[in-house]
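Asker: everything below, folded, please.
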Amino acid sequence: MSDLNHLDQLPIYDSSEPVCATKPQFFTSEAILLTVHESCSISKLKHKYAIKSESGSWDFHCSGKLLSPFRGTKTLMDKSGIPIFKFWRRFTPMGNTFLIVDWATGRELCKFTTNPGRIINLALRVEFKDVVTERQRLLVLKGEWERKEALVFLGDPDIIHGNAKLIARISKKPGGKSSSSSTLFRNDDYIIEIAPNVDIALMVMLCIVFDTVKDNIQRVWNFPNVPIPATKLK
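Answerer: Numbers count the residues shown, from 1 in each chain. Reported below is the predicted structural model:
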């Protein structure tokens, strides 16, 4: 697969085995469709996401400081506004790491890592011990930042005959809000399609990390108004 031109033709794997990094309460046997609405309040210096499901059963909210996209902590809350997870970005010699921890206990649940050598066509790797099956898991997100589209695989899709499975798709919401490339604080709307038995909270956080990294890349390339090079999913 060389790019995302056939995104809609890629089937999402119907997972019968749980894939869960956070808590068992955050996955279901049904496929889930979420919408993600991003907003920024310059007056309150707040960066927010509202995550909605068709049924209302899987609604979340996320907020963080507007002017600290690299190091600022973001908090994921349930639909009642109760904090459940928090995550932040940490720079390391081997790339950037997003740490995800349980709000109540401080226990590290998983981490997302990026490769500093692939700034434009960046991949995210997520490693964790499954809280349901106790198996070690590797998820890989590969996306095209300019098109605001990404695929999430169980396993590494770059390994030939590695049997990686597509478990989620992130895409720009049709007719949704999207700010211009010259705007300092971007706002975008997304759709997340999630396979059955896959950690919904984890996929929400992956989408937010994807959007955060995308915004940071665009700020670099658009100063001063430099167009973002076309990218390919390899």
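Asker: pretty sure K48 contacts V36?
Answerer: No: contact between K48 and V36 fails when scored by Cβ atoms under 8 Å: they sit 10.8 Å apart. Using the backbone N, CA and C atoms, a C-beta is placed for each residue, glycine as well.
Asker: what is the mean pLDDT for stretch 75-88?
Answerer: The average of the pLDDT scores along stretch 75-88 is 91.
Asker: buried residues, it. List them.
Answerer: For stretch 75-88, the neighbour count (16 or more other Cβ atoms under 10 Å) marks 76-78, 84-88 as buried.
Asker: let's have those in CSV, adding secondary structure and distance to A31.
Answerer: Formatted as CSV, the buried residues of stretch 75-88 follow (DSSP: H, G, I helix; E, B strand; the rest coil; distance: Cβ to Cβ, whole Å):
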residue, secondary structure, distance to A31
L76, strand, 21
M77, strand, 24
D78, strand, 21
I84, strand, 22
F85, strand, 22
K86, strand, 28
F87, strand, 25
W88, strand, 30
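Asker: may I see those organised as JSON lines, with distance to F128 added?
Answerer: Shown next, in JSON lines, are the buried residues of stretch 75-88 (distance: Cβ to Cβ, whole Å):
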{"residue": "L76", "distance to F128": "16"}
{"residue": "M77", "distance to F128": "21"}
{"residue": "D78", "distance to F128": "20"}
{"residue": "I84", "distance to F128": "16"}
{"residue": "F85", "distance to F128": "13"}
{"residue": "K86", "distance to F128": "16"}
{"residue": "F87", "distance to F128": "13"}
{"residue": "W88", "distance to F128": "17"}
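Asker: so where's this protein uncertain?
Answerer: Along the chain, segments meeting pLDDT under 70 span 1-9, 41-45, 66-72, 91-95, 115-122, 160-162, 175-186, 215-234.
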